[in-house]
Each structure stands twice: as structure tokens, then as C-alpha cells.
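*Asks:* Take a look and give me a structure for this.
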Amino acid sequence: MFVVWMSGIISGQVVSISDDSAYQSNHPHALLDLHSGSHDKGLLLPRMTTAERLAFQPDSQEISLLIFDTDLAGFWFWDGQDWQAVTPDISPPPISVTGQSLYKSVADFGIFPNTQQDLSDTLNSLLAAYPGDSWFFPDGQYRAHLSITSPTQLMSFSHQASIVGFESGKPVIEVSAPLKLKGLQFHHADNGIGSDGLKNQGMDIHAWDCIFTGFEHAPAPAQSNSSFLNCTFTVTDQSLHSLGTLTWSPNATFTSCTFDGEFGADVMDSKFFNCHFEGLWGVHMPEGQINNQGQPSGYTGTAHFYYCTIIGTYNYGIGLGNAAKAILYNCVVKGWNSAAYVRTESTYEAYNTYFEATRSGGGSTALMFAKYVPGDYAAVGIIDAGDSYFSNCQFVNSGSENGYHILVPNRKDAGQAYFSQCDFDADKVCTGDTIGICLGDPYQYMQVEDKANAVPERTLSLSSNEVLEPPFSASGKAILTISGKNAPALHISIARLLNQQKSYPNGYQLVLKGGSASFPVTLKHGYHVNTGATVRLSQGHDLTLQEDEVVSLIFHQGVWIQTSAREAFYPNENGQLELDQPLLLAQGPGVDRISDDTALSQASDGAVPTEKAVKSYVDNLILLVNQTYIQSNQKLTLEVPAGYRISSLILEEHGQGSISGLRIGTYFLANDVVNDLNLGQGEILEANLLKTIFSSSQPQSLYIGSSNWGSGKLKVFLRLEKVI
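*Replies:* Have a look, this model is predicted:
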């Protein structure tokens with residue numbers, strides 16, 4: 001039985017409800033006081049399912065309306081526009097990724113993995129309602145197509161959450177605003193045209209540990225500044241209509257990523273570090289368009305590959321269309337028809353790279369230059385020039401014992417291919433054109449440089465935080481002119497490995513020259529966390545190279561060490577280093593200043609004496625006295641300063657006669673050290689002094705005389721050494 005006691009219904013009085021008739025409320029500020037005297041009763045609020053709650057939309061004035069969601073086992077209140085959970089957060093502890101934003105769980109808003117229900121509208125509405133927030137997806141599959149229209153971050157802690165697209169011709173995730181992704185998977189159930197895993201509309205995407213599967217992927221269109229780390233892009237197209245993964249931005253970077261499917265990737269200007277490409281075609285660089293005058297257009301980009309593996313299982317490993325350029329460092333390239341293929345104006349620049357053709361039965365080549373005019377373009381005069389450069393590369397045809405290693409144009413006006421320190425079988429180098437194979441001299445197109453003296457000289461455009469990988473040359477030196485790519489390049493470090501197993505040899509010299517006043521390059525001093533590269537600069541901090549400023553580095557035991565300061569100009573016409581200002585040496589315990597201490601009395605272990613200081617010190621230790629004495633029947637007097645002793649005395653007859661009865665001593669014709677010494681014409685004698693002429697405090701006199709000078713002419717060489 002309940003007792004309801006009302007002290008009144010006017011404002012400020014209490015309504016009390018209790019199962020204890022003796023209970024008196026002592027809460028004057030409460031409008032309603034509920035009390036259980038037996039302590040076994042509570043308040044039961046309205047209950048409903050999640051679907052019923054979402055369908056129930058109270059008035060905007062009914063703020064704080066409270067209900068219990070039976071599906072989610074929690075209380076929810078109406079904030080005037082939407083339902084908000086008041087139950088404790090059951091998601092994993094919030095993790096700060098940017099230092100500012102905390103992740104929210106989509107489960108807190110009633111969104112759970114569901115493979116039957118389309119969650120697209122629910123998820124997209126939620127993301128749009130909280131621009132700039134970061135979202136966590138619990139494990140499972142979410143049937144949805146995401147449309148990113150405001151900046152956001154999406155992640156999975158375990159990498160077990162996936163967004164699964166189902167609508168044919170529509171990407172799983174389409175991005176129209178800046179986006180960060182971590183650990184999520186995006187799969188499309190359809191493999192038809194347009195059923196892409198990722199479609200970027202030109203935004204900046206930064207993704208870590210993500211997987212994308214679909215007909216095609218467009219992670220980095222030309223205008224985006226995107227980066228992908230440890231991501232996988234798989235193409236499901238079976239009709240050969242797909243181009244694979246489209247990476248077209250000059251500012252996009254891919255690190256430790258995998259590209260596979262019928263096509264690996266369709267590449268323009270991007271940079272790739274330690275990536276794997278595999279498909280019928282591993283990497284394809286677009287052909288662009290050819291106008292009525294035969295001029296290629298639509299694409300003139302350059303792509304960089306560092307420590308990448310590129311495999312083509314049916315055609316080429318990497319193929320270049322019109323006006324494309326691929327730069328490869330320490331890569332492995334394999335292809336069925338050809339490891340590397342190039343046509344018209346396209347060019348390669350490759351360092352320490354392995355090229356292998358794998359097709360059995362012949363008809364393949366490791367490197368193929370198709371720089372001849374195809375019949376259908378002969379009438380419009382298509383351009384086919386462009387030089388390529390290969391340094392320390394290897395070309396192999398493993399599929400066919402008699403297969404070609406290198407196939408070049410049968411003409412000398414198609415550009416030039418330069419090979420320095422490369423390994424291939426010269427008997428398996430041949431020409432090719434529209435008429436046939438091996439009908440001309442291949443060396444009218446290719447030049448094999450002197451292996452002992454080839455010095456790579458390259459001009460490079462760099463982006464901030466890039467790892468510079470110097471080309472290798474048996475000459476022991478490389479010269480690079482570097483500048484920022486459309487902006488100053490900061491924090492540039494230098495790789496210490498030629499490839500994943502071999503480092504640069506000790507003593508290898510790298511000369512870097514600033515190439516731009518507008519876009520200078522800043523070398524990073526110290527250890528690079530990703531590559532292990534270490535650069536020791538004399539200033540002890542980062543060094544910015546302005547236009548025409550030069551720094552010379554030597555590789556020693558895994559470290560690039562500065563050997564010349566900025567403002568140097570290297571080399572001059574004689575191959576020597578020139579400085580336009582005094583040499584700046586490193587700060588620190590090794591060498592911290594230049595000493596002018598002429599007596600070297602400071603005994604510093606951290607200073608280098610100047611040439612003047614060394615000379616002054618030596619001059620003070622050793623005195624050379626050269627004096628000619630012409631016969632005059634008089635004595636020659638020489639002074640020995642205090643603190644010095646005579647270490648050597650040489651006499652030379654320098655005239656046309658002889659001298660007899662020479663006497664040497666501290667007093668003329670008395671206290672002799674040497675006496676009765678004869679010296680013939682032109683004769684040279686070293687006098688062995690029988691007594692020491694030395695005083696620590698007083699100068700001493702040395703006398704040389706003769707009783708019979710004759711016509712002789714005496715020259716005296718006296719060496720004095722400082723004792724005290």
C-alpha cells in the first residue's frame with residue numbers, strides 16, 4: 001500500500017510518494033520525493049526498443065524527456081533535436097590520435113555491424129552531424145556506402161571492422177573532404193565498372209593499415225596531398241576494363257603498400273617507398289593523347305619508386321606511355337613479356353635496380369625500348385626522343401636462355417640510353433623496329449659509360465621529409481643538384497643503404513648543391529627514425545642549402561659526415577674543392593675552434609692550430625743559422641740563445657780554394673771544441689762537437705777561425721734546438 005502525502009499543490013511545496021505511512025519528506029527543494037521504506041522498490045520509466053525510440057520524435061520543447069532503450073539496455077534523453085545516451089560509455093577508452101580529438105564509437109549512436117540492413121544513410125547522417133570528429137567502428141561488417149562531405153577520422157582498433165559496398169557502380173567510400181583512416185577495410189561485393197573501393201574527389205587522405213577491394217581505386221587524384229602507410233589495394237575486375245589503382249598526384253606518397261589484381265597500379269607523379277605491385281601489368285604509366293601533329297599531350301609526369309618490387313605476370317612489369325618518366329632506386333622489376341617497357345618520349349632513370357624477363361620459350365626482353373614510329377602514326381610524325389640513364393643495374397632473361405636482355409631502337413635519333421656500371425650480356429643486346437629484330441647496330445642508340453670513371457650528376461626536386469637516395473658509381477662519388485618541389489623542402493635525410501642488404505662503401509662521396517633560391521632544401525642533422533639514415537653536419541643542426549651553396553659528405557660506417565661547409569663550390573676546373581669563405585668546423589668536443597696560440601701553451605684537445613701557430617711553434621723550437629764567411633784572417637762569431645743547444649754544425653768550402661787549421665770553440669784560439677780541421681775546395685764536413693755549448697739563462701758565443709784561410713770561402717749551417 002502506498003501513501004501519497006501532499007503538503008499542497010502550490011509552487012515550492014513537495015509531493016511525496018512512499019510505502020511507509022510514517023515517512024515525512026525532509027526535502028523542501030524537491031517537487032517530487034519518492035521513498036521506499038522496505039528498500040525493495042524503484043521507479044519504472046517508459047520502455048521501448050531502439051526502432052521505437054528512433055521513430056518517436058518528441059517536440060523540440062520537450063527537452064530532458066527520459067526513456068529506457070531495451071535493445072541497448074540504457075537510458076536515453078531528448079535534447080530537443082535528438083536522443084542522447086545517458087548510460088556509461090561501454091566503448092574502449094578514448095584514444096587521442098591528433099592530441100586534440102577523441103574518438104567516439106558509432107555504437108554509442110545505435111549503429112552496429114549489420115550485413116542485411118543498409119546503414120548508408122544512418123552513418124552518413126551521423127558523420128555529417130559531427131564535422132571534424134573522430135569515429136571508432138567496433139569489429140564486424142557494416143553494409144554501407146560512405147560519402148565523406150566534412151572532415152573526419154574513421155578507425156578500427158583491431159583492423160577487423162569493414163565497410164561492405166553492395167550497390168553496383170557506386171564506390172564503397174567517396175571522399176569530398178579531408179579524411180584520416182586507420183585500420184579499416186573497404187570491400188565491394190560487385191566487380192563491375194564503378195564498383196570502386198575508394199574514390200577520392202581531390203581531397204587529402206591520410207590512411208594507415210587499411211584494405212581497399214573493388215573494381216578500381218582512386219586514392220590520389222592529381223590535386224591531392226595524400227599519404228598511405230601499410231595499405232593494400234586489390235582490384236577485382238576480370239574484364240580488363242580497370243586501370244587498377246590510380247595514383248596521379250605529384251604530392252602523394254605510398255609507403256609499404258601493396259597493389260594487386262588484374263592491374264597493379266596506374267601511376268603518374270606519385271612517390272612509392274617499399275611498395276609491392278603485381279598484376280598482369282604491374283605498373284602502367286598512362287599514354288596521354290596524340291594530336292594531329294603527332295605531339296603527345298595530357299601527361300608529362302614523373303614517378304619515383306624506392307625499394308619497390310614490381311611484377312607483371314602476363315605483360316610488362318612497368319610500362320611507360322608517352323612523355324612519362326620513371327625513376328627507380330634499389331628496385332626489383334620482373335615481367336613476362338618485358339620487365340620494363342618504354343615508348344616514344346618516355347624515359348627511365350634507374351639506380352641499383354634488377355630487371356628480369358620471365359617468359360619461357362623466347363620473345364621476351366628485360367628492357368625494351370619501343371621508340372620507333374608505329375605504322376598508324378608514321379603519317380603524323382610522332383616524336384620518339386628522350387634520354388634514359390641506368391646506373392649499377394642488372395638485366396636478366398630467366399625465361400629464355402637465348403632471350404634478349406636489352407632491345408633498343410634501330411636508329412640514333414630516338415634519344416640515348418646511358419648505362420653505367422650495369423650488368424648484362426652484350427651478345428643479347430639487339431635492335432627492334434617496325435621492320436624486324438636485330439637488323440642494325442644497337443650502340444647507335446645506347447652508350448655504355450666508362451665503368452671506372454662514371455660519376456652520376458643529377459638534378460632532383462624534393463618534397464619535405466623525403467629520404468634522398470644517392471646513386472651509386474664505381475668512381476666513389478655522386479653529384480646532385482637539389483631543390484624543393486614547388487616549395488622549400490624541409491627535413492631531408494639521406495639513405496645509408498644501396499639496397500636492403502648493402503650499404504654505401506666507406507669513403508663514398510656525395511656532393512649536394514642548392515638548385516633554387518625560391519625553394520631551398522634543408523638537410524636534417526641526426527638520426528632518421530624510419531630509415532636509420534644519419535647525417536652529421538658541422539653546425540650540429542639542420543643545414544639549409546640556398547641556390548649554388550654546396551655541401552660535401554663522406555660515408556663512413558653507416559653515417560654521412562660533412563667534409564665541407566656551405567658556401568663551397570665543388571669542383572673547379574681541376575677537380576678540386578674551392579671555398580669562398582673560411583672553413584667552418586663542427587661545434588663540440590672534437591673541434592670547437594681554431595687556435596692562434598703560437599706557443600701552443602694552452603695544450604687544448606679541442607682546437608686546431610693555424611698554419612701560423614704551427615710555424616711559430618716550430619720556429620721557436622728550431623733555429624737555422626746560415627752565414628757565409630769570406631776569408632779575412634779574422635774570426636766568425638755566432639750567438640747561441642739562452643735555452644738552446646747546437647744540434648748540428650755543417651761547414652762548406654764555397655769558394656775556389658782550401659782552408660786549413662780551422663778552430664771552433666767558445667773562445668778564439670783557446671778552449672777549443674774542434675781544432676786543426678782542414679777543408680778542401682768545395683768540401684762539406686759536419687763537425688762533431690766534443691763539448692756542449694749550452695746555457696739555460698745566458699746566450700753563448702761560438703767562434704770559428706783559422707790561421708790559414710788562403711783563398712777559401714766558408715759557409716756555415718748551424719741548427720739550434722730549444723731545450724728549455
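
*Asks:* Secondary structure element holding residue 51?
*Replies:* Per DSSP states H and E: residue 51 is located in helix 50-55.

*Asks:* Quick check: which helices or strands does that helix pack against?
*Replies:* If you count contacts as 3 or more Cβ pairs under 8 Å, 6 or more residues apart in numbering; DSSP states H and E, helix 50-55 packs onto strand 66-69. Any C-beta I mention is one placed from the backbone N, CA and C, and that applies to glycine too.

*Asks:* If you average the pLDDT over the helix holding residue 51, what comes out?
*Replies:* Mean pLDDT, computed over helix 50-55, is 84.

*Asks:* ditto for stretch 26-43
*Replies:* 82.

*Asks:* Quick one: end-to-end distance for it.
*Replies:* End-to-end distance of stretch 26-43 (Cα to Cα, to the nearest Å): 20 Å.

*Asks:* any idea how far residue 62 is from residue 224?
*Replies:* Distance of residue 62 to residue 224, computed by Cβ to Cβ, to the nearest Å: 45 Å.

*Asks:* Settle it for me: which of these two has more neighbours?
*Replies:* When residue 62 and residue 224 are compared for neighbours, residue 224 comes out ahead with 22 against 10, by other Cβ atoms under 10 Å.

*Asks:* That one and residue 204 touch, don't they?
*Replies:* Yes - using Cβ atoms under 8 Å, residue 224 is in contact with residue 204, at 5.6 Å.

*Asks:* And residue 122, which helix or strand is it part of?
*Replies:* Here residue 122 is assigned to helix 120-129, by DSSP H and E.

*Asks:* And that helix, what does it pack against?
*Replies:* Using 3+ Cβ pairs under 8 Å, 6+ apart: helix 120-129 touches strand 146-148.

*Asks:* Distance-wise, check the residue most central in space within the chain relative to residue 493.
*Replies:* The centre of the chain sits closest to residue 467, judged by Cα atoms, centre = their mean, with a distance of 1.2 Å. As for residue 467, its distance to residue 493 is 5 Å (criterion: Cβ to Cβ).

*Asks:* cool, residue 697 as well?
*Replies:* Separation of residue 697 from residue 493 (Cβ to Cβ) stands at 63 Å.

*Asks:* out of those two, which sits in the busier spot?
*Replies:* Set side by side, residue 697 and residue 493 show more neighbours around residue 493, with 23 against 7, by other Cβ under 10 Å.

*Asks:* remind me which residues of the stretch 301-450 of the chain are low pLDDT?
*Replies:* The stretch 301-450 of the chain contains residues with pLDDT under 70 at 372-384, 449-450.

*Asks:* list the contacts for residue 167?
*Replies:* Residue 167 sits next to 145, 190 when contact means Cβ atoms under 8 Å, 6 or more residues apart in numbering.

*Asks:* Let me know the pLDDT of it.
*Replies:* 94.

*Asks:* Phi first, then psi, for it.
*Replies:* Main-chain torsions, residue 167, degrees, to the nearest 10: phi -90, psi 120.

*Asks:* And the strands in the stretch 551-700 of the chain, which stretches?
*Replies:* With DSSP state E, counting those that start in this stretch applied, the stretch 551-700 of the chain shows strands at 559-569, 578-579, 593-595, 607-609, 622-630, 636-640, 644-653, 659-667, 670-679, 684-686, 700-708, listed in chain order.

*Asks:* rank those strands by pLDDT, which is bottom?
*Replies:* strand 578-579 has the lowest average pLDDT among the strands of the stretch 551-700 of the chain, namely a mean of 50.

*Asks:* what about the stretch 101-250 of the chain, any weak spots by pLDDT?
*Replies:* Low-confidence segments of the stretch 101-250 of the chain (pLDDT under 70): 101-102.

*Asks:* what do you get if the cut-off is 50, keeping everything else the same?
*Replies:* Counting by pLDDT under 50, the stretch 101-250 of the chain has low-confidence residues at 101.

*Asks:* Could you spell out the sheet neighbours of the strand or helix carrying residue 348, each with its direction?
*Replies:* Here residue 348 sits within strand 347-351, counting by DSSP H and E. Strand 347-351 sits in its sheet next to strand 325-329 (parallel), strand 388-391 (parallel), going by DSSP bridges.

*Asks:* May I have the first one exported as CSV, CA atoms only?
*Replies:* Output of strand 325-329 as CSV, limited to C-alpha atoms (Å, rounded to 0.1, in the frame of the first residue of the first chain):
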residue,chain,number,x,y,z
LYS,A,325,59.3,9.2,-66.7
ALA,A,326,60.0,6.6,-64.0
ILE,A,327,62.9,6.9,-61.5
LEU,A,328,63.7,3.7,-59.7
TYR,A,329,66.1,3.3,-56.7
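
*Asks:* just how off-centre is that strand within its chain?
*Replies:* Put simply, strand 325-329 sits 15 Å off its chain's centre (Cα atoms, centre = their mean, to the nearest Å).

*Asks:* residues in contact with that strand?
*Replies:* Residues contacting strand 325-329 (Cβ under 8 Å, 6+ apart): 283, 285, 301-308, 318, 320, 340, 346-353, 469, 471.

*Asks:* try 7 Å
*Replies:* Contact with strand 325-329 is made by 285, 302-306, 318, 320, 346-353, 469, as judged by Cβ atoms under 7 Å, 6 or more residues apart in numbering.

*Asks:* Tell me which helix or strand comes right after that strand.
*Replies:* Next helix or strand after strand 325-329 toward the C-terminus (DSSP H and E): strand 332-335.

*Asks:* And that following strand, what does it pack against?
*Replies:* Strand 332-335 makes packing contacts with strand 309-312, strand 316-320, strand 354-357 when contacts are defined by 3 or more Cβ pairs under 7 Å, 6 or more residues apart in numbering; DSSP states H and E.

*Asks:* Quickly run through the sheet partners of the second one, with directions.
*Replies:* Okay, so that is strand 316-320. Applying DSSP bridges, strand 316-320 is found paired with strand 281-285 (parallel), strand 338-343 (parallel).

*Asks:* chain center to the longest one: distance?
*Replies:* To tie it back to what came earlier, the one meant is strand 338-343. Mean C-alpha position of strand 338-343 versus that of the full chain (Cα atoms, centre = their mean) differs by 27 Å.

*Asks:* Only alpha carbons, please: show that strand as CSV.
*Replies:* Only the C-alpha atoms of strand 338-343 are listed here, as CSV (Å, rounded to 0.1, in the frame of the first residue of the first chain):
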residue,chain,number,x,y,z
SER,A,338,59.4,-7.5,-70.6
ALA,A,339,60.4,-6.3,-67.2
ALA,A,340,60.4,-2.7,-68.3
TYR,A,341,58.9,-1.2,-71.4
VAL,A,342,59.1,2.4,-72.8
ARG,A,343,57.8,4.1,-75.9
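
*Asks:* about what we covered before: so can I have TSV of the strands paired with strand 316-320 showing mean neighbour count and distance to residue 645?
*Replies:* Converted to TSV, the strands paired with strand 316-320 look like this (neighbours: other Cβ atoms under 10 Å; distance: least, Cβ to Cβ, whole Å):
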stretch	mean neighbour count	distance to residue 645
strand 281-285	29	80
strand 338-343	29	77
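
*Asks:* can I get these in a markdown table with distance to residue 423?
*Replies:* Formatted as a markdown table, the strands paired with strand 316-320 follow (distance: least, Cβ to Cβ, whole Å):
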| stretch | distance to residue 423 |
| --- | --- |
| strand 281-285 | 22 |
| strand 338-343 | 14 |
